[in-house]
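>>> give me coordinates for this.
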Amino acid sequence: MTVKDLYKDYKKLLDKEITLKGWIRNHRKQKEFGFIEFSDGTCFKHVQIVYENKLKDFEEIQKMHNGCAIEVVGKVVKSQGKQDFEVNANKIILLGDCPEDYPMQPKRHTKEFLREQAYLRPRTNLFQAIFRIRSVAAFAIHEYFQSNGYLYVHTPLLTTADCEGSDQMFKVTTLDLNNLPKDENGKVDTTKDLFGDLTYITGSGQLHGETFALAFNKIYTFGPTFRTENSNTKTHANEFWMIEPEIAFCDLNGLMDIEEDMLKYIVKYVLDKCSDEIDFCDSFVEKGLREKLEKLVSSKFTRITHKEVIDILKKADIKWEFTPNYDDDIAKEHEKYITEYFNGPVFITDWPKDIKAWYMKVNDDNKTVAAVDLEVPGAGELMGGSQREDDYDLLVARAKELGVDTDAVDWYINLRKYGGCYHSGFGMGFERLIIYLTGADNIRDVIPYPRTPGNCDY
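As a prediction, the model looks like this:
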């Protein structure tokens with residue numbers, strides 16, 4: 001019997017004996033009886049175990065500390081307290097002891113302390129909620145795309161394709177770093193390496209995903225990606241997960257339709273499946289979280305160009321830390337203002353081409369690209385996408401203009417020669433989504449073992 005099953009059928013189980021296996025979350029001891037707050041991890045709720053001094057092992061049971069793994073045999077009865085039911089124990093067996101100085105005591109710990117105890121923090125209420133929401137959201141993503149006819153593609157983690165800029169990508173080698181082979185120019189001879197070329201850990205599955213989209217029509221990837229960015233902000237990590245759909249015969253407007261539909265589906269799915277966890281986060285992480293998420297599901301997302309955004313920011317009666325500029329990206333303070341200005345999520349389209357990637361389709365004005373970022377209240381940029389350049393000559397010219405090694409990605413560029421078509425795609429950082437769904441304000445708290453500058457513990 002699991003705690004999840006018990007909550008589902010407790011009315012049918014009243015006055016019946018059951019067996020549970022799990023952990024002591026809290027242990028309150030009195031002279032003639034004791035109360036154990038019990039969890040087995042199968043659902044967010046706990047069960048109260050009551051035991052009396054008539055048990056022959058009463059004194060041994062009272063010595064059990066928080067964190068101990070136990071087996072409980074007892075009868076399900078109506079509770080005399082606030083709970084719907086409790087379990088009167090006939091037997092409590094110690095399966096795994098725990099010392100008295102167990103770090104996860106039943107009190108409010110700081111998030112900083114819990115990050116230092118990353119291998120134990122899943123046992124706390126906060127991280128039970130966050131990581132169950134993460135699990136359910138991941139399933140919702142797969143269900144959305146699978147039910148809408150997308151192919152799930154496992155793009156490679158090791159690649160020679162420079163998608164995000166080589167300065168942003170980890171290099172992989174089997175060469176002896178203390179005795180590197182050199183070529184005639186004195187540079188490292190990568191032909192001597194395992195793959196015979198400079199190899200990276202991927203920063204994106206997009207380029208490989210496009211090759212499948214032009215064969216299967218609609219595809220998505222969902223996996224880990226890596227960036228070398230030395231950033232210590234609350235929303236950046238060096239290892240994170242990305243969702244990257246690519247869709248053939250889809251323009252920028254169609255892409256925004258898909259982004260909006262997908263996000264609403266995921267949010268509603270989590271609201272339906274993780275009600276207890278959302279309520280907990282609403283109470284202890286972000287007040288008004290449930291209302292925010294329910295509002296998103298029923299809202300219509302605003303669509304506005306980058307130029308129009310800058311117009312609004314410049315007219316605002318605010319002294320900006322970063323001055324809005326028609327040729328630049330927008331800052332966090334701008335993202336916050338725009339979502340508040342429109343009171344909901346905002347698609348920002350048609351960005352200056354000089355700040356966007358080489359594979360994005362250049363608009364007719366030759367100044368902007370058919371790119372879009374989705375800004376959501378409280379989390380800022382959640383998705384970024386574009387219509388991809390489908391003209392062979394224009395793509396080659398743009399790549400050379402930005403110094404991209406076209407030989408390394410000739411296979412990608414050649415897609416435009418072999419039955420190419422207009423197509424679009426976007427990327428969504430999974431951890432950014434979980435930040436939005438839980439109200440957590442730091443990426444370090446929504447990924448099991450965060451990899452950030454100076455931190456690769458565990």
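>>> distance of the residue of the chain positioned farthest from its centre from Asn88?
Seen from the C-alpha centroid of the chain, the residue lying at the greatest distance (Cα atoms, centre = their mean) is Lys54, 49.4 Å away. Note on Lys54: its distance to Asn88, by Cβ to Cβ, to the nearest Å, is 11 Å. To be clear about C-beta, it is placed using only N, CA and C from the backbone, and glycine gets the same treatment.
>>> with Asp5 instead?
Taking Cβ to Cβ as the measure, Asp5 falls 18 Å from Asn88.
>>> next: Ile447.
If you go by Cβ to Cβ, the gap between Ile447 and Asn88 works out to 40 Å.
>>> can you give me the helices in this protein?
Listed in chain order, the helices of the chain (DSSP state H) span 3-13, 58-62, 111-116, 125-147, 206-216, 252-273, 275-284, 289-298, 306-315, 332-341, 392-401, 410-413, 430-438.
>>> which of those helices is buried the deepest?
Neighbour counts averaged per stretch over these are highest for helix 430-438, at a mean of 24; criterion: mean count of other Cβ atoms under 10 Å.
>>> average pLDDT across that one?
Here the mean pLDDT over helix 430-438 is 96, rounded to a whole number.
>>> CA-only coordinates of it in CSV, if you can.
Output of helix 430-438 as CSV, limited to C-alpha atoms (Å, rounded to 0.1, in the frame of the first residue of the first chain):
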residue,chain,number,x,y,z
PHE,A,430,12.5,23.9,-19.1
GLU,A,431,13.9,25.4,-15.9
ARG,A,432,12.5,28.8,-16.8
LEU,A,433,9.1,27.1,-17.2
ILE,A,434,9.4,25.4,-13.8
ILE,A,435,10.3,28.8,-12.2
TYR,A,436,7.1,30.2,-13.7
LEU,A,437,5.0,27.2,-12.6
THR,A,438,6.3,27.1,-9.0
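>>> can you list contacts of that helix?
With contact meaning Cβ atoms under 8 Å, 6 or more residues apart in numbering, helix 430-438 is reached by 129-130, 133-134, 137-138, 141, 222, 235, 237, 240-243, 266-267, 270, 278, 281, 285-286, 289, 293, 376, 378-379, 381-382, 440-443, 446-447.
>>> what angle separates that helix from helix 252-273?
Compare the direction of helix 430-438 with that of helix 252-273 by axes from the mean of the first three to the mean of the last three Cα atoms, to 10 degrees and you get 50 degrees.
>>> out of the helices of the chain, flag the one nearest Ile348.
For these, proximity to Ile348 was assessed by Cβ to Cβ; helix 306-315 is nearest, at 5.5 Å.
>>> quick revisit: dump the helices of the chain to JSON lines, plus distance to Met104.
Below are the helices of the chain laid out as JSON lines (distance: least, Cβ to Cβ, whole Å):
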{"stretch": "helix 3-13", "distance to Met104": "18"}
{"stretch": "helix 58-62", "distance to Met104": "20"}
{"stretch": "helix 111-116", "distance to Met104": "9"}
{"stretch": "helix 125-147", "distance to Met104": "10"}
{"stretch": "helix 206-216", "distance to Met104": "40"}
{"stretch": "helix 252-273", "distance to Met104": "26"}
{"stretch": "helix 275-284", "distance to Met104": "16"}
{"stretch": "helix 289-298", "distance to Met104": "24"}
{"stretch": "helix 306-315", "distance to Met104": "45"}
{"stretch": "helix 332-341", "distance to Met104": "33"}
{"stretch": "helix 392-401", "distance to Met104": "52"}
{"stretch": "helix 410-413", "distance to Met104": "48"}
{"stretch": "helix 430-438", "distance to Met104": "20"}
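>>> among the ones you listed, which is nearest Val76?
Relative to Val76, the nearest member of the helices of the chain by Cβ to Cβ is helix 3-13, separated by 4.5 Å.
>>> contact partners of that closest one?
By Cβ under 8 Å, 6+ apart, the residues outside helix 3-13 that reach it are 18, 20, 22, 38-40, 42-43, 45-47, 76, 84-85.
>>> list the buried ones in stretch 373-393?
Counting neighbours by 16 or more other Cβ atoms under 10 Å, one finds that the buried residues in stretch 373-393 are 373-390.
>>> what's around the residue nearest to Lys314 when sequence neighbours are not counted, how many residues?
Nearest residue to Lys314 in three dimensions, chain neighbours excluded: Pro324, at 5.5 Å (Cβ to Cβ, 6 or more residues apart in numbering). Other residues within reach of Pro324 by the criterion other Cβ atoms under 10 Å amount to 20.
>>> repeat that for the one 5 residues further on.
Using other Cβ under 10 Å, Asp329 has 14 neighbouring residues.
>>> find me the pLDDT at it, would you?
pLDDT recorded at Asp329 is 96.
>>> wait, doesn't it sit right on Ile355?
Yes - using Cβ atoms under 8 Å, Asp329 is in contact with Ile355, at 5.5 Å.
>>> from Met104, how far off is Ile70?
In terms of Cβ to Cβ, Ile70 sits 16 Å off from Met104.
>>> more neighbours: these two, which one.
A count of neighbours by other Cβ under 10 Å puts Ile70 above the other of Ile70 and Met104, at 22 against 18.
>>> what residues does Lys45 make contact with?
Contacts here follow Cβ under 8 Å, 6+ apart; on that basis Lys45 touches Val3, Tyr7, Asp276.
>>> tell me which of the residues you listed is nearest to Trp320?
Of all those, the one with the least separation from Trp320 (Cβ to Cβ) is Asp276, at 40.7 Å.
>>> what is the nearest of the contacts of helix 3-13 to Gln30?
Distance from Gln30 was checked for each of those by Cβ to Cβ. The minimum falls on Phe38, at 17.0 Å.
>>> for the closest one, grab the count of nearby residues.
With neighbours defined by other Cβ under 10 Å, the count for Phe38 comes to 24.
>>> can you give me the pLDDT of it?
Turning to Phe38, the model gives it a pLDDT of 97.
>>> Met64 is in contact with that one, correct?
No - the pair Phe38 and Met64 fails to qualify as a contact (Cβ under 8 Å) at a distance of 11.3 Å.
>>> can you work out which residues contact both of these two?
With contacts taken as Cβ under 8 Å, 6+ apart, Phe38 and Met64 have Ile24, Ile70 as neighbours in common.
>>> so which residues of the stretch 351-458 of the chain form strands?
For the stretch 351-458 of the chain, the strands identified by DSSP state E, counting those that start in this stretch occupy 368-376, 380-388, 423-429, in order along the chain.
>>> can you check which of those gets nearest to Ala316?
Across the strands of the stretch 351-458 of the chain, the minimum distance to Ala316, taken as Cβ to Cβ, is reached by strand 368-376, at 15.4 Å.
>>> and that closest one, what's its mean pLDDT?
Regarding strand 368-376, the rounded mean pLDDT is 97.
>>> and for stretch 283-301?
95.
>>> span of that stretch from start to end?
Chord length of stretch 283-301, first to last residue, is 27 Å (Cα to Cα, to the nearest Å).
>>> what do you get for stretch 428-443?
Start and end residues of stretch 428-443 are separated by 14 Å (Cα to Cα).
>>> which residues does Thr202 contact?
Here Thr202 is in contact with Thr155, Pro156, Leu157, Leu158, Thr159, Ala161, Cys163, Met169, Thr225, Phe226 (criterion: Cβ under 8 Å, 6+ apart).
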